[in-house]
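Participant: Sequence plus the predicted model coming up.
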Amino acid sequence: MGFTEVILFPLYVFIFHLIFSARRKRMNDPILRKYHKHGFWIKVFSSIAFSFFFIYITRGDTTTLYFPEGYHLFKLILKDPVGNIHLLFTPGSSYDENLLQDPDNMGYFKLESNFLISRLVAVLCFFTFGKYLLINLFFSMISYSGVWRLYKFFYEHFPYMHKKLAIAIIYLPTVVFWSSGILKDPLCMGMLGWMTYSLYCVFEKKESIIKNIIIAILAAYILYIIKVYIIISYLPFYALYLVLSNIKRVKNKIAKIALGFILICFGVIGLFALADKLKEELGFFAVDKIAESVKTQQTNFINMADLAESSFSLGVEYDGSISSLLKMTPAAIGATFFRPYLWESKKISTLLSSLESLALMLLTVYVFFKAGPLKFFTIIFNNSMIFFCFFYSVLFALFVGATTLNFGTLVRYKIPCLSFYIISILLIWEVALAAKKKKKAEKEALENTNNLLIKSIS
């Protein structure tokens with residue numbers, strides 16, 4: 001980390017501060033202004049922590065692939081702007097690997113998701129003089145712009161839960177840290193937030209429909225390129241959330257049944273069309289290829305086990321069949337949400353994640369038994385928002401947990417589902433508490449009525 005970027009960093013922070021402050025001044029709600037300010041400064045300091053971590057403590061894709069190759073692409077364009085500017089628009093699969101700075105990175109740009117990050121780094125180099133710390137700040141701010149919209153989405157539905165929502169979205173350590181630098185994960189979190197809030201504006205608020213449709217499509221497209229399984233996990237349950245929400249607004253029972261039937265038919269047709277399209281273009285995540293894909297990914301991690309001290313096993317034998325995939329499902333979901341355990345942490349990064357995972361496990365167990373097993377699942381199926389958050393996060397957890405057998409990678413990959421899962425658990429607890437209070441109030445009212453009757457008779 002050079003002296004120049006240390007000097008420039010406060011200046012760039014000030015510029016972003018002016019931009020976010022201008023946005024904050026248009027907020028009438030003091031609660032939103034408070035959390036918006038907190039979130040901004042948390043992301044600023046987390047980008048510093050992220051930079052120090054990868055420069056002085058460990059190495060990763062951010063310092064061995066995305067930044068060096070993006071910076072090299074930037075230098076190639078500076079050297080010959082006319083002849084090389086087209087490289088920014090070249091598909092990763094067509095990129096001339098002879099131009100790579102490090103020959104060891106050959107093959108990585110065949111994945112468009114990898115090339116997208118380095119391409120973005122190259123673009124940001126023009127605004128940051130190619131300084132690593134400053135580019136991390138940009139990635140952190142891109143992420144925060146979407147994270148904030150995710151917070152607004154939930155806050156506008158449940159304003160009374162503003163503190164709990166802030167903990168689940170803005171203050172959550174794993175999400176904050178791993179979305180603060182040059183990686184795929186900050187873009188995923190940012191685009192997930194933008195897509196969620198834009199769809200909310202289109203289908204529920206009915207505001208700036210054209211603009212928000214464009215934003216939602218762009219965000220979904222970026223997610224499609226970077227991590228398509230986010231889209232696969234997210235869209236079906238968001239669609240069902242809209243179906244269930246709209247059905248509840250219809251008063252006429254016959255119309256409600258008819259609307260539900262029509263929406264479900266369209267939803268099923270849409271899901272089959274999406275599955276066919278994914279099967280055609282991305283065979284990796286097609287239904288009949290999932291087992292094969294999981295087996296391939298697991299084999300890759302197993303082969304690297306001797307080199308990666310953070311590698312782990314799900315404890316379930318997997319032979320590549322769908323039946324064994326189903327048997328592995330609980331272990332995969334549990335690994336995503338609740339591992340690494342404390343005794344499995346061998347690094348600072350995984351130790352912090354294990355403490356967070358332990359807290360999440362305790363919260364889940366507490367709410368499960370406080371609400372009651374039957375009530376716990378009844379609430380999930382009776383509340384459209386909880387249904388959406390819970391099943392999106394669980395399906396996402398299955399994708400990640402089944403294919404990622406390294407804690408260092410797992411703690412990053414799982415962040416797009418953590419906030420949704422925590423919010424679903426907190427909402428279950430809120431609904432269960434409200435039901436208990438209502439039942440208690442009814443019981444007390446009945447007892448008072450009986451006492452009055454007894455007194456009047458006597």
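Facilitator: Arrived safely, thanks for sending. Numbering: from 1, shown residues only.
Participant: worst-scoring helix or strand of this structure, pLDDT-wise?
Facilitator: helix 287-303 (a mean of 47; mean pLDDT, DSSP states H and E).
Participant: can you dump the C-alpha coordinates of the helix or strand following it into PDB?
Facilitator: Going down the chain from helix 287-303, the next helix or strand is helix 322-338, by DSSP states H and E. Provided in PDB are the C-alpha atoms of helix 322-338 (Å, rounded to 0.1, in the frame of the first residue of the first chain):
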ATOM      1  CA  ILE A 322     -30.100 -37.400  -7.000                       C
ATOM      2  CA  SER A 323     -31.000 -39.600  -4.100                       C
ATOM      3  CA  SER A 324     -27.700 -39.000  -2.400                       C
ATOM      4  CA  LEU A 325     -28.000 -35.300  -3.200                       C
ATOM      5  CA  LEU A 326     -31.300 -35.300  -1.300                       C
ATOM      6  CA  LYS A 327     -29.600 -37.100   1.600                       C
ATOM      7  CA  MET A 328     -26.800 -34.500   1.600                       C
ATOM      8  CA  THR A 329     -29.300 -31.600   1.600                       C
ATOM      9  CA  PRO A 330     -29.600 -31.100   5.400                       C
ATOM     10  CA  ALA A 331     -25.800 -31.300   5.800                       C
ATOM     11  CA  ALA A 332     -25.200 -28.800   3.000                       C
ATOM     12  CA  ILE A 333     -27.800 -26.300   4.300                       C
ATOM     13  CA  GLY A 334     -26.400 -26.700   7.900                       C
ATOM     14  CA  ALA A 335     -22.900 -26.100   6.700                       C
ATOM     15  CA  THR A 336     -23.800 -22.800   4.900                       C
ATOM     16  CA  PHE A 337     -25.700 -21.400   7.900                       C
ATOM     17  CA  PHE A 338     -23.900 -22.900  10.900                       C
END
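Participant: now for the helix or strand just after helix 322-338, which elements pack on it?
Facilitator: Per DSSP H and E, helix 322-338 leads on to helix 348-371 as the next helix or strand towards the C-terminus. Other helices and strands packing on helix 348-371, by 3 or more C-beta pairs under 8 Å, 6 or more residues apart in numbering; DSSP states H and E, are helix 173-178, helix 322-338, helix 373-382, helix 407-413, helix 415-457. C-beta: built from backbone N, CA, C; applies to glycine.
Participant: tell me the angle helix 348-371 makes with helix 373-382.
Facilitator: 100 degrees (axes from the mean of the first three to the mean of the last three C-alpha atoms, to 10 degrees).
Participant: which parts of helix 348-371 are buried?
Facilitator: Across helix 348-371, burial judged by 16 or more other C-beta atoms under 10 Å covers 349-350, 353-354, 356-357, 360, 364, 367-368, 371.
Participant: Nearest to Glu156 among those residues?
Facilitator: Within the buried residues of helix 348-371, the smallest distance to Glu156 is 23.5 Å, found for Val367 (C-beta to C-beta).
Participant: rewinding a little: turn the buried residues of helix 348-371 into TSV, including distance to Phe203 and pLDDT.
Facilitator: Output for the buried residues of helix 348-371, formatted as TSV (distance: C-beta to C-beta, whole Å; pLDDT from 0 to 100):
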residue	distance to Phe203	pLDDT
Ser349	38	69
Thr350	39	77
Ser353	35	85
Ser354	38	89
Glu356	32	91
Ser357	34	92
Leu360	30	95
Thr364	30	96
Val367	29	96
Phe368	31	95
Ala371	29	92
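Participant: Tell me the one of those residues nearest Thr336?
Facilitator: Comparing these against Thr336 with C-beta to C-beta picks out Ser357 as the nearest, at 9.3 Å.
Participant: wait, what's in contact with that closest one?
Facilitator: Ser357 makes contact with 337-341, according to C-beta atoms under 8 Å, 6 or more residues apart in numbering.
Participant: which non-adjacent residue is nearest Leu329?
Facilitator: Not quite, residue 329 is Thr, not Leu. Nearest non-adjacent residue to Thr329, counting by C-beta to C-beta, 6 or more residues apart in numbering: Leu398, 5.8 Å away.
Participant: scratch that, Thr404
Facilitator: Leaving aside its sequence neighbours, Thr404 sits nearest to Leu410 (C-beta to C-beta, 6+ apart; 4.8 Å).
Participant: Any idea how many residues pack against Phe139?
Facilitator: Neighbour count for Phe139, taken as other C-beta atoms under 10 Å: 27.
Participant: doesn't Lys184 make contact with it?
Facilitator: No - using C-beta atoms under 8 Å, Phe139 makes no contact with Lys184, being 10.1 Å away.
Participant: Make sure the residue nearest to Thr329 is actually in contact with Ile333.
Facilitator: Yes - the criterion here is C-beta under 8 Å, and Leu398 meets it with Ile333 at 5.5 Å.
Participant: pLDDT below threshold where in the stretch 101-250 of the chain?
Facilitator: 247-250 (pLDDT under 70).
Participant: Where do the helices of it begin and end?
Facilitator: Using DSSP state H, counting those that start in this stretch, the helices of the stretch 101-250 of the chain run over 112-128, 132-157, 162-169, 173-178, 184-200, 209-226, 228-249.
Participant: would you turn these into a markdown table with distance to Leu326?
Facilitator: Below are those laid out as a markdown table (distance: least, C-beta to C-beta, whole Å):
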| stretch | distance to Leu326 |
| --- | --- |
| helix 112-128 | 28 |
| helix 132-157 | 31 |
| helix 162-169 | 29 |
| helix 173-178 | 28 |
| helix 184-200 | 27 |
| helix 209-226 | 27 |
| helix 228-249 | 17 |
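Participant: which of those helices sits most buried?
Facilitator: Of all the helices of the stretch 101-250 of the chain, helix 184-200 carries the top mean neighbour count, a mean of 25, counting by mean count of other C-beta atoms under 10 Å.
Participant: That one vs helix 162-169, what angle?
Facilitator: Helix 184-200 and helix 162-169 are oriented at 140 degrees to each other (the same axes, to 10 degrees).
Participant: Give me the pLDDT for Lys437.
Facilitator: Turning to Lys437, the model gives it a pLDDT of 85.
Participant: Then Met361?
Facilitator: pLDDT, Met361: 96.
Participant: cool, and Ala286?
Facilitator: 42.
Participant: how far is stretch 205-225 from where the chain is centred?
Facilitator: The chain centre lies 17 Å from the centre of stretch 205-225; the measure is C-alpha atoms, centre = their mean, to the nearest Å.
Participant: Could you do stretch 42-62 as well?
Facilitator: Remark: stretch 42-62 is offset 19 Å from the chain centroid, using C-alpha atoms, centre = their mean.
Participant: Quick check: end-to-end length of it?
Facilitator: End-to-end distance for stretch 42-62, by C-alpha to C-alpha, to the nearest Å: 20 Å.
Participant: Please apply the same query to stretch 177-191.
Facilitator: Stretch 177-191: ends 17 Å apart by C-alpha to C-alpha.
Participant: what's the answer for stretch 337-357, then?
Facilitator: One end of stretch 337-357 to the other measures 6 Å (C-alpha to C-alpha).
Participant: Same question for stretch 76-85.
Facilitator: End-to-end span of stretch 76-85 (C-alpha to C-alpha): 9 Å.
Participant: Thanks a lot, see you next time.
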